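**Student:** With the sequence up front, the predicted model follows.
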Amino acid sequence: MNFGVPSQRVKREEEFPNNAILTIGIDGGKGTSRQMSFNKLASDVLRLDDKSQVAFSFNPDTCEAYLVNTDIVKAAASNGIRVTKGTPRKISHKKTYNYFTKLQSIDTSVENHFELILSDEHDGVFNILPFVNADISSAMKALDEDIVDDTVNAAHAFNSQIQDIPEMSGAFAKAYPATDSNTH
């Protein structure tokens, strides 16, 4: 026999556990906060704790954005934004949210994910780059290869059908030389 009310919470699985991700939340409109959240790996690589602040740096000419923990990069401390306690850690700063989403030209009606990559040029500085999920990109590549294969196969089939038309046969054969279908 169990006493009490059973837990209603469903444990949330982290969406991208192998990447340091900054998620730009949905803009809910007037009167709502503009949140950006850090997944566990992003919190770890930035070394965020309950008293941390982060600061952004932007290059409007190149649309590049950077992020630092102000405890590590002291020069950014005067521009720090307080990070919430708990998991996931979040920031809510309307001015930064609006500038970042405009700079990156992102659709704020959906969540957007950006990957934090440690800069080669500056200690403790992370580049904020659009996140490309490897599973999605490999699926897109496979789809592209299938489309190319289908197009090449259709061209060869068409070429074999017009062999009976002498005027078309020569011109088409020059444009689309027949090859063994296993070599493409």
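**Tutor:** Perfect, I can see it now.
**Student:** element containing Lys51, please.
**Tutor:** Taking DSSP states H and E as the definition, one finds Lys51 inside no helix or strand.
**Student:** Run a quick neighbour tally on it.
**Tutor:** Here the number of neighbours of Lys51 (other Cβ atoms under 10 Å) works out to 9. Every residue, glycine included, has its C-beta placed from N, CA and C.
**Student:** Tell me the predicted confidence for it.
**Tutor:** pLDDT for Lys51: 93.
**Student:** repeat for Ala171
**Tutor:** Ala171 is given a pLDDT of 59.
**Student:** before we move on, what about Gly86?
**Tutor:** The predicted structure scores Gly86 at 88 on the pLDDT scale.
**Student:** State the number of residues packed around it.
**Tutor:** Around Gly86 there are 8 other residues, counting by other Cβ under 10 Å.
**Student:** would you say it is within a strand?
**Tutor:** No. When the secondary structure is assigned by DSSP: H, G, I helix; E, B strand; the rest coil, Gly86 falls in coil instead of a strand.
**Student:** OK, contacts around Glu14?
**Tutor:** Asn39, Lys40 (Cβ atoms under 8 Å, 6 or more residues apart in numbering).
**Student:** Quickly find the element holding it.
**Tutor:** Glu14 belongs to no helix or strand when elements are defined using DSSP H and E.
**Student:** mind checking how far it is from Asp50?
**Tutor:** Computed with Cβ to Cβ, to the nearest Å, the distance linking Glu14 and Asp50 is 20 Å.
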